[in-house]
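K.L.:
prediction below, plus the sequence it came from.
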Amino acid sequence: RRRHTRLLTQSRGLGDVYKRQIADHRPVSRKIVKIGGLLCLRIESSQQGEQQNHFFHRGVLNPCGLKTNEEIIGKCILASVDWRQQPKLTEPMNLITRTLLVPASLVLLLLTSCSQEAEQAASPPPDRLAERAQGVTIIRDDFGVPHIYAKTDADAVFGLLYAQAEDDFKRIERNYVWAIGRLAEIEGARAIFSDLRARLYMTVDEAKAAYGGAPDWLKALCDAWADGLNYYLQTHPEVEPMLLTRFEPWMPMFFSEGSIGGDIEGIPLDGIEAFYGENRSLESLPGTPVQAGLDEEPRGSNGFAVAGELTRSGDTMLLINPHTSFYFRGEVHVVSEEGLNAYGAVTWGQFFVYQGFNENTGWMHTSTRVDFVDEFIEDISQVNGKLSYRYGGEQRLVKVSEVTLKYKDGDTMAQRTFPMYHTHHGPITHMLKGKWVATKINWDPVNALQQSFIRTKQTGHDGFRTMMDIRTNSSNNTVYALSLIHISE
C-alpha cells in the first residue's frame, strides 16, 4: 500500500481551508467561497493549476465543471461532509479522511440549480432544527467513526442521533418500533404479543407522563434525541421509514437500557399469548407453565480491568469485549462543553455510550443472572362484578384497562383490542395452575435513562459508586476501571 499523510484544519468560517494528500501525494486545497452569491467548495490542485467548483445543491455537495478525475462527492451531515459516498473512479483512490468541516449554515442552504445561472435561486428561511444544527460539528475519522462536538450535552445528543441515523437508520427505527409496541404493524399478527408485552409495562400515555415528570436536563436530552432524528429525516427525503415518520421525546422512555436483552425480554411471550390470546372466559383458561430455559453453552460478554501497577506502561487497562450480534452497536465519540467526553459503543437509537470510557473512567457490561424479576401468584376473585385480589388481610381491585393494537394483514392494516390487568405488583403476564401471575421487573425508565447518561460523565470512584446506587441498569453486571487506582465489578 502507498503511504499517505494527512493534514486536517478544522474549517469554522468562510474561506477556512482543509488540506489533504492523497494517492500520489498531490496537494489539494479546499475553500468555501461565493460565486455569484452561491456558496461553493473550491478544490484547487497546486501542481496542475486546475480548479473545481462544487456547489451546495439541495443539501448535497454536487460537482459542477469538473476538470480532473478527482470527482469527490460528499453528503452533507450537519456541519460535515461524509466522504464515504463516492462515485466510481477510473483508477483507485484512497481517501484518507472522510469529512470536511464547514459551517452548518452553509450546508443547510437548499439551492435549486447546479448550473452557472444558479445564483438566481432563492433559499428558504432556516427552521428551528436547521438553526440548532449550526451548533454541532461532526467529524468522521478514517474508520468512519463519528466524533460529535457541541457546546451543550443536549446539542451533542442532537448530533449523536443524526450521525447514528446516517450510519443505520433502519436499525434505529426498528429498535423503537419494537420498544414502543408497534412491531406488528410491520411484521403482522405474529408480533402482536410482543407489542402487548410492551404496553403491559408502559402505555404511550404513561411514557408521555414519565417524560413530562423527568428532570429538566433529561427532558432536554430527550428533546434533542427527537430533534436529531427528525432533522435527519427532514434533510434526507430519499429515506423511507418503515413506520416512524416522526420521533417524539417520550419514546426513549420505552428503551432506557442499552443491553442486548433487557429485563422485559425475559418475560416469555408464550405465557402472554396463552393468557390474553385465548378467546375464552378467564375462568376456563388453562395454566401456562413458564420455565426459564438453560443455555446449551455458556454465553455472555467479557470485561477485563487491569490495574496500572500490573501493566508495563503503568496505565490502567480496560478490555471491553461485548458478545453481541454483528452491527448491534455503533462506535462513537461524543463531546460537549458541559463535561461530556465519552468514546465507545452506543446501542442504535440511544443517546448514551453504553460501554466505553472518558478521560478518567471506563465501564463495560457483562451478562448477569441477578434476580431482579419477581413473580406473584395472585388470589383473584370477583366481587360485585369487579375483579379483586387478596393482599394480606385486604382485598384490592385489579386495575383493568384495554389497548388496541394494529397489525399488518396482507396489504391492509387490521386491529385487535386486548384487556390488560394489573395489580400493584405489576401486569398479569401468564397463569400457573390456573392462578394469575403478576410479573414485576425493574421498570423505572426515568431513573434508568438518568443512570445511563450520568455514567458517561463520571470522573472518579465516589461518583461512579453513587451512580451505580441508582440501581436501574439491572440486566447486566458493570465492570469498572478508573485511570488512577480503583478497579471493581
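P.N.:
Structure received.

K.L.:
low pLDDT regions in the stretch 301-450 of the chain?
P.N.:
Scanning the stretch 301-450 of the chain for pLDDT under 70 picks out nothing.

K.L.:
and stretch 382-395, what's buried?
P.N.:
387-389 (16 or more other CB atoms under 10 Å). Every residue, glycine included, has its C-beta placed from N, CA and C.

K.L.:
and residue 272, what helix or strand is that in?
P.N.:
Assessed by DSSP states H and E, residue 272 sits inside helix 269-277.

K.L.:
so which of the buried residues of stretch 382-395 sit within strands?
P.N.:
Using DSSP state E, the members of those that fall within strands are 387-389.

K.L.:
which stretches of the stretch 101-250 of the chain form helices?
P.N.:
104-107, 128-133, 153-179, 184-187, 192-201, 204-212, 216-235 (DSSP state H, counting those that start in this stretch).

K.L.:
nearest to residue 245, out of the ones you listed?
P.N.:
helix 216-235 (6.9 Å; CB to CB).

K.L.:
okay, the closest one in CSV with CA atoms only?
P.N.:
Below are the C-alpha coordinates for helix 216-235, written out as CSV (Å, rounded to 0.1, in the frame of the first residue of the first chain):
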residue,chain,number,x,y,z
ASP,A,216,-35.4,19.3,33.0
TRP,A,217,-31.9,18.3,31.9
LEU,A,218,-33.2,14.8,31.0
LYS,A,219,-36.1,16.2,29.1
ALA,A,220,-33.7,18.4,27.2
LEU,A,221,-31.7,15.3,26.1
CYS,A,222,-35.0,13.6,25.1
ASP,A,223,-36.0,16.7,23.1
ALA,A,224,-32.6,16.7,21.4
TRP,A,225,-32.9,12.9,20.7
ALA,A,226,-36.1,13.5,18.8
ASP,A,227,-34.8,16.6,17.1
GLY,A,228,-31.7,14.8,15.8
LEU,A,229,-33.7,12.0,14.2
ASN,A,230,-36.4,14.3,12.8
TYR,A,231,-33.7,16.5,11.3
TYR,A,232,-32.1,13.5,9.7
LEU,A,233,-35.5,12.6,8.1
GLN,A,234,-36.1,16.3,7.1
THR,A,235,-32.7,16.5,5.3
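
K.L.:
against residue 214, how distant is residue 391?
P.N.:
Using CB to CB, to the nearest Å, one gets 30 Å for the distance from residue 391 to residue 214.

K.L.:
and the strands in the stretch 351-489 of the chain?
P.N.:
Under the criterion DSSP state E, counting those that start in this stretch, strands of the stretch 351-489 of the chain are mapped to 355-357, 361-367, 374-378, 380-383, 386-391, 394-397, 399-409, 412-423, 426-432, 435-440, 476-482, 487-488.

K.L.:
just put the helices of the stretch 101-250 of the chain in TSV and tack on mean neighbour count, distance to residue 415 and mean pLDDT.
P.N.:
Formatted as TSV, these follow (neighbours: other CB atoms under 10 Å; distance: least, CB to CB, whole Å; pLDDT from 0 to 100):
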stretch	mean neighbour count	distance to residue 415	mean pLDDT
helix 104-107	20	42	34
helix 128-133	18	33	94
helix 153-179	23	16	97
helix 184-187	20	10	98
helix 192-201	23	10	97
helix 204-212	16	15	97
helix 216-235	20	26	97
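
K.L.:
is it possible to get CSV of those helices that adds distance to residue 258?
P.N.:
Compiled in CSV, the helices of the stretch 101-250 of the chain are given as follows (distance: least, CB to CB, whole Å):
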stretch, distance to residue 258
helix 104-107, 28
helix 128-133, 25
helix 153-179, 10
helix 184-187, 23
helix 192-201, 17
helix 204-212, 18
helix 216-235, 14
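
K.L.:
sorry, back to before: could you give the angle of the very next helix or strand once past the helix holding residue 272 to strand 476-482?
P.N.:
The helix or strand immediately downstream of helix 269-277 is strand 302-306, counting by DSSP H and E. For strand 302-306 against strand 476-482, the angle by axes from the mean of the first three to the mean of the last three CA atoms, to 10 degrees is 20 degrees.

K.L.:
so for strand 302-306, what gets flagged as buried?
P.N.:
303, 305.

K.L.:
which helices and strands does it pack with?
P.N.:
strand 317-321, strand 361-367, strand 476-482, strand 487-488 (3 or more CB pairs under 8 Å, 6 or more residues apart in numbering; DSSP states H and E).

K.L.:
can you add distance to residue 220 and mean neighbour count and give these back as TSV?
P.N.:
Shown next, in TSV, are the helices and strands packed on strand 302-306 (distance: least, CB to CB, whole Å; neighbours: other CB atoms under 10 Å):
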stretch	distance to residue 220	mean neighbour count
strand 317-321	28	17
strand 361-367	23	23
strand 476-482	26	22
strand 487-488	31	16
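
K.L.:
so which of those strands comes closest to residue 221?
P.N.:
From these, taking CB to CB, the stretch that ends up closest is strand 361-367, at 18.5 Å.

K.L.:
ok, residues contacting the closest one?
P.N.:
258-259, 261, 299-303, 305, 316, 318-322, 354-357, 455, 458-460, 464, 473, 476-483 (CB atoms under 8 Å, 6 or more residues apart in numbering).

K.L.:
pull the CA atoms of the helix holding residue 272 into CSV?
P.N.:
C-alpha atoms of helix 269-277 as CSV (Å, rounded to 0.1, in the frame of the first residue of the first chain):
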residue,chain,number,x,y,z
LEU,A,269,-44.3,-14.3,25.0
ASP,A,270,-46.0,-17.7,25.1
GLY,A,271,-47.4,-17.0,28.5
ILE,A,272,-48.8,-13.7,27.4
GLU,A,273,-50.3,-15.2,24.3
ALA,A,274,-51.9,-18.1,26.2
PHE,A,275,-53.4,-15.7,28.8
TYR,A,276,-54.5,-12.8,26.6
GLY,A,277,-54.8,-14.6,23.2
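
K.L.:
output the buried residues of stretch 382-395 as a markdown table; include the columns distance to residue 204.
P.N.:
As requested, these are exported to a markdown table (distance: CB to CB, whole Å):
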| residue | distance to residue 204 |
| --- | --- |
| 387 | 24 |
| 388 | 27 |
| 389 | 26 |
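
K.L.:
any idea how far residue 169 is from the closest residue in space to residue 174 that isn't next to it in sequence?
P.N.:
In this structure, residue 174 finds its nearest non-sequential neighbour in residue 242, 7.2 Å apart by CB to CB, 6 or more residues apart in numbering. Residue 242 sits 10 Å away from residue 169, going by CB to CB.

K.L.:
try residue 442
P.N.:
30 Å.

K.L.:
again, but for residue 270
P.N.:
According to CB to CB, residue 270 and residue 169 sit 32 Å apart.

K.L.:
likewise residue 252?
P.N.:
16 Å.

K.L.:
same question, residue 196
P.N.:
26 Å.

K.L.:
thought residue 320 was touching residue 344?
P.N.:
Yes: counting by CB atoms under 8 Å, residue 320 touches residue 344, with 7.1 Å between them.

K.L.:
overlap in contacts of these two?
P.N.:
Counting by CB under 8 Å, 6+ apart, the contacts common to residue 320 and residue 344 are 355-356.

K.L.:
for residue 153, list the residues it contacts.
P.N.:
217, 220-221, 336, 338, 340, 453.

K.L.:
now do residue 334
P.N.:
Going by CB under 8 Å, 6+ apart, residue 334 touches 147-148, 156-157, 159-160, 340-343, 353.

K.L.:
hang on, residue 222 packs against residue 249?
P.N.:
Yes: the pair residue 222 / residue 249 is scored as a contact, 4.0 Å apart, by CB under 8 Å.

K.L.:
and residue 382, bridged to which residues?
P.N.:
residue 387 (DSSP bridges).
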